[in-house]
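1. predicted structure and sequence below. I'll ask about it afterward.
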Amino acid sequence: QREGEPHLEASSVYGSLEIDRASTISIVLHNNASPLYVPEELDLNRADARSITAELESSDDRIRVLSGIQMAGTLAPEENETVQFVARTELEDVGIYPLQLRLNYSRLSKVTAEGDDSAPDLVFSYEEVSFEIPLQVKVVRGPRLELGEVKGEATGGKEATLELAILNSGDETANDLQVEARPLPPFLRVEDEKAEKEQGNVDLDPGSSYP
C-alpha cells in the first residue's frame, strides 16, 4: 500500500452458519488508508475507495451463498461500512470453514491539466481495483428445541396440571423463546390467567431446559 491510496480490509466478521438453516453473515469493511499530510484542496480525495462492491464466495459446494453482490458506496480513510450476506450450509460437522470476500472499487489515480494554462481543465483518471480477502466462518448446529420430561397425570373427567420441559440440545442460545401448549382431543385446555401473565419470553442456553 502506498501513502494516500485506499486500503480496504475486513475488520470484523459477525454471525455464524447454522446447519440446514439460512443464516446472515455481517462483514465490516474498513478503509485503512494512510492519510496525506497536505492541504485538503490538494488531496483531491485520493485515498477514497469509490463504488465499492462486495461478493461473498465459497469454494465448498456444501456452503451456498444466497446473496448476490452488495454495494458499499464510497469509503474515506478510517470510515467503515457493513455488508450482509445470507448463506446456507449442508455441512454435517460443526467447525471453522473458509470463505472468500471479493472486493472491487475504483480510486483516483491521476489528475492532469489540459487547455489554457491560465484556466486549465482538470481531467480525473480512475483505476479499477479488484482483490480477494480470505475469511473464516463458524458453522454451528444452532438452537435445537426438544420436548423433555413431562410431569403430571391426566384423569378422564377431572382437571389436571401437566408440566412440560423444553430442552435446548443445540450449541447456540434460543432467544426470546415463547412456549404455548395446545391440547388435542380428547383433551381440553383450561385457561390459567395467572400463569399466562407470568409466562414471558425467555432465553434458553445450550444444555438448559424450561421451565
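-> Received it, and whenever you're ready, just let me know what you need.
2. strands of this protein, start to end?
-> Under the criterion DSSP state E, strands of the chain are mapped to 8-14, 17-18, 23-31, 49-57, 63-65, 70-75, 80-89, 95-114, 121-140, 145-151, 163-168, 174-177, 202-204, 209-210.
3. and these, which is most packed in?
-> Stretch with highest mean neighbour count among the strands of the chain: strand 17-18 (a mean of 22; mean count of other C-beta atoms under 10 Å). Heads up, the C-betas are built off the backbone N, CA and C, glycines and all.
4. partners of that one in the sheet?
-> Sheet partners assigned to strand 17-18 using DSSP bridges are listed as strand 121-140 (parallel).
5. how about low-confidence regions in this protein?
-> Within the chain, the ranges that satisfy pLDDT under 70 run 1-3, 35-43, 154-157, 186-200.
6. can you rerun that using 50?
-> Scanning the chain for pLDDT under 50 picks out 193-198.
7. got the strands of the chain as CSV, with distance to P185 columns?
-> Below are the strands of the chain laid out as CSV (distance: least, C-beta to C-beta, whole Å):
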stretch, distance to P185
strand 8-14, 46
strand 17-18, 35
strand 23-31, 38
strand 49-57, 49
strand 63-65, 42
strand 70-75, 51
strand 80-89, 38
strand 95-114, 46
strand 121-140, 39
strand 145-151, 18
strand 163-168, 18
strand 174-177, 27
strand 202-204, 29
strand 209-210, 26
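8. indicate which one of those is closest to P183.
-> P183 lies closest to strand 163-168 among these, at 11.3 Å (C-beta to C-beta).
9. check which helices and strands that closest one sits against.
-> Counting by 3 or more C-beta pairs under 8 Å, 6 or more residues apart in numbering; DSSP states H and E, the packing neighbours recorded for strand 163-168 are strand 145-151, strand 209-210.
10. contacts for the longest one next, please.
-> So that's strand 145-151. Contacts with strand 145-151, where a contact means C-beta atoms under 8 Å, 6 or more residues apart in numbering, come from 162-170, 174, 177, 204, 209.
11. in CSV: the helices and strands packed on strand 163-168, plus distance to S125.
-> Formatted as CSV, those follow (distance: least, C-beta to C-beta, whole Å):
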stretch, distance to S125
strand 145-151, 58
strand 209-210, 63
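12. would you agree V137 is in contact with Q100?
-> No: at 10.8 Å, V137 does not count as touching Q100 under the criterion of C-beta atoms under 8 Å.
13. picking that back up, for the contacts of strand 145-151, which one is nearest E132?
-> Nearest to E132 among those, counting by C-beta to C-beta, is G170 at 32.5 Å.
14. my guess is that closest one meets L204, correct?
-> No: with contact defined as C-beta under 8 Å, G170 does not count as touching L204 (9.4 Å).
15. shared neighbours of the two, anything?
-> By C-beta under 8 Å, 6+ apart, the residues touching both G170 and L204 are P143, L145.
16. what's the closest non-adjacent residue to N168?
-> L204 (4.5 Å; C-beta to C-beta, 6 or more residues apart in numbering).
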